[in-house]
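J.: Task: produce atomic coordinates for the following.
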Amino acid sequence: MRDGRSEGDATHDVIVVGSGAGAMTGALVAAADGLDTVVLERTALLGGTSAYSGAACWLPGTQVQERADLGDSTEAARAYLRALVGDAGADRREAFLRHAPELVARLERDPAVEFEWSAFPDYFAASGRMDAGRSFMPRDLPPELLGDLLPLVRPSVDRDRAGRGHPDGPLIAGRALIGRLLLAATRTGNATVRTEHRVTGLVTENGRVTGVEAETPHGTVTVRARRGVLLAAGGFEGDDALRAEHGVPGGAAWTMAPRGATTGDLLRAAVRIGAATDLMDEAWWCPGTERPDGTAAFTLGLRGGIFVDGSGRRFANESLPYDRMGRVLATVQEPVHLVFDSREGGALPAIALPPADPAENLAAGTWTRADSLPELAHRIGVPADALADTVARFNSHAATGTDTDHHRGEDPYDRFFADPRDAPGPNPCLVPLDRPPYYAARLVLADLGTKGGLRTDAHARVLDTDDRPVPGLYAAGNTSASFTGGVYPGPGVPIGSAMVFASLAVRDMALPASGISGGALGGGRSTVTAPPGQD
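T.: Below is the predicted model of the structure:
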């Protein structure tokens with residue numbers, strides 16, 4: 001495996017900037033079509049936020065749902081999206097719906113790519129919703145199949161932030177998705193992967209984008225593309241200056257993207273040559289529990305506890321899907337806390353990524369512990385009477401099974417994470433707080449990435465400020481503005497839409513070519529840039 005970081009200027013058919021699910025799908029499709037393809041990744045590891053994710057893929061109406069006999073269809077997904085988003089951007093919606101089944105069928109023709117349906121409800125009660133969910137995930141990937149490629153795949157978020165590699169056992173979720181796409185792409189013989197290439201500029205000739213400039217450990221290089229450049233390297237969630245400029249709440253410290261990986265370089269480069277942007281104040285939101293180091297842990301799937309704001313009162317259904325809860329968090333009075341009791345021995349009654357260590361959080365003051373609710377209220381700075389009243393009222397709801405204030409437990413998504421064994425009452429989402437000592441974990445507005453970016457059309461072509469395609473330039477994933485606007489319809493929409501529009505970008509690039517047939521495998525040469533010393 002040759003170290004491509006030392007390579008200088010080069011020319012390929014297709015340049016893919018980024019290495020998340022969308023980028024790697026685009027690279028695989030291009031390479032399988034016989035196009036000489038290079039992936040340029042800014043960091044030493046592949047996968048970006050996709051590698052951290054649960055890898056749900058919201059791709060409706062495919063053979064995966066058919067195998068699971070779900071009764072899903074493209075028509076149902078169309079009705080659902082129209083109910084949530086309306087007809088704004090209908091051309092991109094239809095392109096997404098039309099291409100999703102084709103893409104999945106094509107990907108699964110490669111033996112390295114395997115998917116299976118996994119229950120995870122859609123996020124809104126609307127026409128066309130799948131209460132059990134329509135998204136699917138990659139099958140676990142045995143590490144021996146990756147061989148020397150394994151050190152290139154970014155580990156899970158907790159291990160990555162700690163500077164640790166993969167644990168023993170199969171790659172799961174996002175790591176499995178990136179690993180499978182990487183394996184399939186390199187097996188074509190037409191894919192080159194170059195890590196530690198930070199793309200900072202676009203090369204143009206006669207109004208057409210023909211390449212990129214990238215900073216590497218060995219200096220600046222120019223990489224040119226005969227067919228096109230696909231920008232799919234995330235958003236600008238990691239840049240506080242751009243966030244402030246566009247009014248994106250939260251902060252770079254609280255995003256779930258890999259540290260230093262998404263600072264808006266591609267956005268700035270495209271805007272410099274006249275590209276248009278949209279949805280620049282939007283993100284894929286989520287609640288975050290603040291960690292001792294000032295970062296945040298993506299927090300979802302509550303099994304107990306309540307959220308209270310600075311008034312000591314509940315303000316929403318705590319079991320809301322994470323993006324919907326994040327949008328509420330952006331509007332409430334701070335400080336905000338997750339208040340829970342000792343029912344789970346002082347552990348957080350929720351999923352936290354990275355996982356929370358109670359002792360570390362208590363020592364750092366990001367969690368607070370007290371023997372009584374009045375003492376807890378005093379320590380977190382909320383009115384004691386209000387907090388006591390809030391808990392008493394919630395406990396009464398738990399006894400009856402009906403949350404008359406916020407209707408927690410009435411939606412299939414609410415109940416998805418609940419365990420009836422935790423709740424003595426009739427509603428598994430309503431677990432009383434009655435076992436001291438009590439805890440409060442500080443909550444912040446976190447995100448899975450920004451969702452505003454370059455404006456694109458149904459072919460993933462980047463548009464200029466006059467709504468004309470910029471020749472040779474394409475964007476997918478969080479580098480582009482999402483076709484779902486300010487709505488997060490269901491689990492895996494960011495990944496699924498990134499994969500579809502990356503594939504559509506490559507299809508458009510291939511149009512002028514003759515004699516190139518989809519799905520051709522084999523031939524050519526594959527070069528992978530491996531970070532030295534990774535194990």
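
J.: ok, and the helix or strand in the chain with the lowest average confidence?
T.: Lowest by mean pLDDT, DSSP states H and E among the helices and strands of the chain is strand 527-528, with a mean of 44.

J.: Tell me how far Arg67 lies from Glu116.
T.: Distance from Arg67 to Glu116, counting by Cβ to Cβ, to the nearest Å: 8 Å. Every C-beta, even on glycine, is put in place using the N, C-alpha and C of the backbone.

J.: Spit out the contact partners of the nearest residue to Pro142 once chain neighbours are set aside.
T.: Of all residues not flanking Pro142 in the chain, Pro170 sits nearest, at 5.3 Å (Cβ to Cβ, 6 or more residues apart in numbering). Pro170 is in contact with Asp140, Leu141, Pro142, Pro143, Ala176, counting by Cβ atoms under 8 Å, 6 or more residues apart in numbering.

J.: Over to Ala23?
T.: Counted by Cβ under 8 Å, 6+ apart, Ala23 has contacts Val16, Val17, Val39, Gly48, Leu230, Ala232, Ala233, Ala476, Gly477, Ala498, Ala502.

J.: got a pLDDT number for the last one?
T.: According to the predicted model, the pLDDT of Ala502 comes to 99.

J.: in terms of contact, does it touch Thr25 like I think?
T.: Yes. Shown here, Ala502 and Thr25 form a contact pair, counting by Cβ atoms under 8 Å, at 4.9 Å.

J.: what separates Gln65 from Arg134, distance-wise?
T.: Going from Gln65 to Arg134 by Cβ to Cβ gives 6 Å.

J.: which residues are common contacts for these two?
T.: Asp72, Trp117.

J.: Comparing those two, which residue is more hemmed in?
T.: Arg134 (33 against 25; other Cβ atoms under 10 Å).

J.: burial count for the closest residue in space to that one that isn't next to it in sequence?
T.: Sequence neighbours aside, Asp72 is the residue nearest to Arg134 in space, at 4.6 Å (criterion: Cβ to Cβ, 6+ apart). Number of residues near Asp72 (other Cβ under 10 Å) recorded here: 21.

J.: Thr262 and Ala233 touch, don't they?
T.: Yes. In this structure Thr262 lies within contact range of Ala233 using Cβ under 8 Å: 7.3 Å.

J.: what residues do those two have in common as contacts?
T.: Gly48.

J.: For the closest residue to Pro437 other than its chain neighbours, which residues are in contact?
T.: Using Cβ to Cβ, 6+ apart and skipping the chain neighbours, the partner closest in space to Pro437 is Asp371 (5.0 Å). By Cβ under 8 Å, 6+ apart, the contact set of Asp371 is Pro436, Pro437, Tyr438.

J.: My read is that the second one contacts Arg369, right?
T.: To tie it back to what came earlier, the one meant is Pro437. Yes. Between Pro437 and Arg369 there is a contact at 5.4 Å, judged by Cβ under 8 Å.

J.: Which residue of the two possesses the greater neighbour count?
T.: Ranked by neighbour count (other Cβ under 10 Å), Pro437 and Arg369 place Arg369 first, with 17 against 13.

J.: Got phi/psi on that one?
T.: The phi/psi pair for Arg369 (degrees, to the nearest 10) reads phi -130, psi 140.

J.: Please apply the same query to the one 10 residues further on.
T.: Torsion angles at Arg379 (phi, psi; degrees, to the nearest 10) stand at phi -70, psi -30.

J.: Roughly how far does it sit from Asn317?
T.: 26 Å.

J.: higher neighbour count, the two?
T.: Set Arg379 next to Asn317 and count neighbours by other Cβ under 10 Å: Asn317 wins out with 23 against 14.

J.: Now do the same for that one: its pLDDT.
T.: So, for Asn317, pLDDT stands at 98.

J.: Kindly report the same for Ala520.
T.: pLDDT recorded at Ala520 is 32.

J.: now stretch 357-376, how far from the chain's geometric center?
T.: 30 Å (Cα atoms, centre = their mean, to the nearest Å).

J.: let me redo that: stretch 397-410
T.: On Cα atoms, centre = their mean, the centre of stretch 397-410 falls 31 Å from that of its chain.

J.: which parts of that stretch are buried?
T.: His397, Ala398, Thr402, Asp403, His406, Arg408, Gly409 (16 or more other Cβ atoms under 10 Å).

J.: Check stretch 268-287 too.
T.: Using 16+ other Cβ under 10 Å as the test for burial, stretch 268-287 gives 269-270, 273, 275-280, 282-287.

J.: roughly how far apart are Arg93 and Val85?
T.: Taking Cβ to Cβ, one finds Arg93 at 7 Å from Val85.

J.: any chance you could map the helices in the stretch 101-250 of the chain?
T.: 143-146, 157-161, 173-187, 240-246 (DSSP state H, counting those that start in this stretch).

J.: how about the ones you listed in JSON lines, adding mean pLDDT?
T.: Shown next, in JSON lines, are the helices of the stretch 101-250 of the chain (pLDDT from 0 to 100):
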{"stretch": "helix 143-146", "mean pLDDT": "97"}
{"stretch": "helix 157-161", "mean pLDDT": "96"}
{"stretch": "helix 173-187", "mean pLDDT": "98"}
{"stretch": "helix 240-246", "mean pLDDT": "98"}
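
J.: Among these, show me which one is buried the most.
T.: Comparing those by mean neighbour count (mean count of other Cβ atoms under 10 Å), helix 173-187 ranks first with a mean of 26.

J.: returning to what we had before: who has more neighbours, Arg93 and Val85?
T.: Ranked by neighbour count (other Cβ under 10 Å), Arg93 and Val85 place Arg93 first, with 21 against 18.

J.: ok, Ala270 touching Tyr474?
T.: No. In this structure, Ala270 is not within contact of Tyr474 by Cβ under 8 Å, at 10.5 Å.

J.: Overlap of the contact sets of the two?
T.: Overlap of the contact sets of Ala270 and Tyr474 (by Cβ under 8 Å, 6+ apart) consists of Leu231, Val462.

J.: which one in this protein is furthest away from the centre?
T.: Distance to the chain centre peaks in the chain at Asp385, reaching 39.8 Å (criterion: Cα atoms, centre = their mean).

J.: Break this structure down into its domains, please.
T.: Per the record, the chain has its domains at 10-281+451-513, 287-446, by automatic domain parsing.

J.: Out of these, which is the most enclosed?
T.: domain 10-281+451-513 (a mean of 22).

J.: and Asp110, what pLDDT?
T.: So, for Asp110, pLDDT stands at 98.

J.: okay but it is in contact with Thr25, surely?
T.: No. Look at Asp110 against Thr25 with Cβ under 8 Å: they stay out of range, at 11.4 Å.

J.: where do the strands sit along the stretch 151-300 of the chain?
T.: Along the stretch 151-300 of the chain, counting by DSSP state E, counting those that start in this stretch, strands occupy 191-194, 198-205, 208-216, 219-231, 277-278, 283-290, 296-300.

J.: In terms of secondary structure, what does the shortest one contact?
T.: When contacts are defined as 3 or more Cβ pairs under 8 Å, 6 or more residues apart in numbering; DSSP states H and E, strand 277-278 packs onto strand 453-454.

J.: And for the third one?
T.: When contacts are defined as 3+ Cβ pairs under 8 Å, 6+ apart, strand 208-216 packs onto strand 10-17, strand 198-205, strand 219-231, strand 469-475.

J.: quick one: which of those is nearest His166?
T.: His166 sits nearest to strand 10-17 of all the helices and strands packed on strand 208-216, at 23.7 Å, using Cβ to Cβ.
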